[in-house]
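> this one's sequence-less:
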């Protein structure tokens, strides 16, 4: 994964804030312009598949949508948040 130390969603990098309960915590952005959703969706750019991952709004565990060589890139799925100060068990100072 690319490395950045900016805590905001990125159009070209996957921002992993840290680990919570063994899951990677990924910073998303809120997209209220998504059709068929009056509450909006949460999205993040995936460096692996080079696509935007789209999830329903709300913080928590999500199943990975990303497959590479028929295997999920995120082995244990992940947790999504729009809070850059999400309380992780282990924070990353430099995001992997």
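Arrived safely, thanks for sending. Source: prediction; values computed, not measured. Residues are numbered from 1 along each chain as shown.

> surely residue 21 touches residue 88?
No - using C-beta atoms under 8 Å, residue 21 is not in contact with residue 88, being 9.6 Å away. (Glycine included, C-beta is placed from N, CA and C.)

> with neighbour numbers in mind, choose between the two.
residue 88 (18 against 10; other C-beta atoms under 10 Å).

> residue 18 versus residue 85, what's the distance?
11 Å (C-beta to C-beta, to the nearest Å).

> please identify which of these two sits among more neighbours.
residue 18 (18 against 9).

> residues contacting that one?
24, 25, 86, 88, 89, 90, 91, 92 (C-beta atoms under 8 Å, 6 or more residues apart in numbering).

> so for it, what's the nearest residue that isn't a sequence neighbour?
residue 88 (3.1 Å; C-beta to C-beta, 6 or more residues apart in numbering).

> same check on residue 63?
residue 77 is the one closest to residue 63 (C-beta to C-beta, 6+ apart), at 5.1 Å.

> what about the one you found, how many residues nearby?
Neighbours around residue 77, by other C-beta under 10 Å: 14.

> tell me the spacing between it and residue 16.
13 Å.

> ok, now residue 65?
16 Å.

> what pLDDT does the model give residue 90?
Model confidence at residue 90, given as pLDDT, is 90.

> check contacts around residue 82.
Residue 82 neighbours (C-beta under 8 Å, 6+ apart): 27, 28, 29, 30, 42, 59.

> whichever of these end up buried, select them in PyMOL.
Here is the PyMOL command that selects the buried residues among these (16 or more other C-beta atoms under 10 Å):
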select buried, resi 27+28+29+42
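
> in JSON lines, list the contacts of residue 82 along with distance to residue 12, secondary structure and pLDDT.
Below are those laid out as JSON lines (distance: C-beta to C-beta, whole Å; DSSP: H, G, I helix; E, B strand; the rest coil; pLDDT from 0 to 100):
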{"residue": "27", "distance to residue 12": "13", "secondary structure": "strand", "pLDDT": "93"}
{"residue": "28", "distance to residue 12": "15", "secondary structure": "coil", "pLDDT": "93"}
{"residue": "29", "distance to residue 12": "13", "secondary structure": "strand", "pLDDT": "89"}
{"residue": "30", "distance to residue 12": "19", "secondary structure": "strand", "pLDDT": "86"}
{"residue": "42", "distance to residue 12": "18", "secondary structure": "strand", "pLDDT": "90"}
{"residue": "59", "distance to residue 12": "23", "secondary structure": "coil", "pLDDT": "94"}
